[in-house]
Each structure stands twice: as C-alpha cells, then as structure tokens.
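Peer 1: Sharing a sequence plus its predicted fold:
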Amino acid sequence: VVGIDEKYVLVPKNDKPEGKHQRWMYVYLAVDVFTYDLLHIDIYPYNSKAEARAFLQVLKAKGYSPHVIITDMNQDYTEPIRQVFPNAIHHECVFHALKWTHKLIKDVYGNDYAKTHPEAVTLKKLIYTIFKAKTKKTVNKRFHTVMALKDTYTAQSPEAQRIFDFLERHYPKLVNAVENPLIPLTNNTVELV
C-alpha cells in the first residue's frame, strides 16, 4: 500500500550564493503506508498528469507493484494510476475529501454559513457522518441519504450542485477503505514523512 503526495518547495538551481537562483518545484514522494519507508522521491518543475505518470513509471521501474495507491484529491493521478498500475486500487484520502467538502460549502453558502445557512450546517454534518460509519452498508445508506437531498438543496441554491457532484464523483475512491484493513482512510503517512 503506497501513499503518494507532492509538496511545493524552493530548491537551488545551481551553486550560486544562498537566496539567489532558486526555483519553486514539486517534490513527489511515495511512501509505504505501513512501514513509513520512503520508496521513491523525485523533483519536477510542474505538477500535472505528465509528472504524475513519470513518477509512477519510475516507481514501477524500481520493482514496486502496489495493490493500493492512496492520494489526496489531486485529480492528476487518476488516469496515470490506471495506465501504470491498472490492477491497483486508487483510494483518495477521506480527510482531504472532507476538507474539500468544507471549502465547497463555504464557496456556495459563504464564510459565515454557520450563522446564515443552517441547511448548509446540516448538509455538512450529514456528509461528515458518512465516513464515520464502520460498515460499508451504513456508509452506502448514509451516502444515498445525502444524495437524495440534492434536488431540495439545488432548488434553494443552484450552486449547491457542485457539492453533490464532488461527492458523487469521488465517493467510489473514498468508500473503498471501509471494512478493508489494507486501505487506511487517510494519506497521513505521506504527510508525516
């Protein structure tokens, strides 16, 4: 089970004096989520599907064949994971998904939604409750309960469609960790490394 993430860091371009000729680049990391071993690290000037694919190809060339790959919500990994590791399960971090959900709710209802839109608070609680369940059956039931509210919420605020689209699009890559001891809910291991 491999966790993958990238960080934006300042790196020196050459041997010029400190503070000069530095450049922001992306450090990609692959970590074994159970042992915390750093499996691969690389630096790229950009953060896109091309870099994700190149990173995964080098990981494969090193002899790794993960059963599960965990990422944050970066969509640049979806296609390259299918191409380079077609048999791997792609899991997205539940923690990051809930952060994105919160951001979307704020975008739709405003920063002070807790005071001005009690229905947004209810929706957020229902979405967060989905992933607190311990069984896939309960998770699926809660997910369908939330999705059944889509018409009601979008009738009041058409922008709320974004929240439901996000949840529907990512749900298959989030629910796959429930009742699966091989897949952690989050990508925290990589974050810690």
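Peer 2: In hand now; what should we look at?

Peer 1: ok, which stretches of the protein are strands?
Peer 2: 2-12, 22-32, 38-44, 68-71, 89-92 (DSSP state E).

Peer 1: Listing partners with orientation, what would you give for the fourth one?
Peer 2: I take that to be strand 68-71. Strand pairing for strand 68-71, determined by DSSP bridges: strand 2-12 (parallel), strand 89-92 (parallel).

Peer 1: If you average pLDDT over each of those, which is lowest?
Peer 2: Mean pLDDT values for those show the minimum at strand 2-12, a mean of 90.

Peer 1: tell me the angle that strand makes with strand 38-44.
Peer 2: Taking axes from the mean of the first three to the mean of the last three Cα atoms, to 10 degrees, strand 2-12 and strand 38-44 form an angle of 40 degrees between their directions.

Peer 1: what's around Q83, how many residues?
Peer 2: 12 (other Cβ atoms under 10 Å). From N, CA and C alone the C-beta is placed, and that goes for glycine too.

Peer 1: how close does it sit to D32?
Peer 2: Noted for Q83: a distance of 22 Å to D32, by Cβ to Cβ, to the nearest Å.

Peer 1: just to revisit the earlier point, quick one: the strands paired with strand 68-71 as TSV, columns for mean neighbour count too.
Peer 2: Converted to TSV, the strands paired with strand 68-71 look like this (neighbours: other Cβ atoms under 10 Å):
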stretch	mean neighbour count
strand 2-12	17
strand 89-92	22
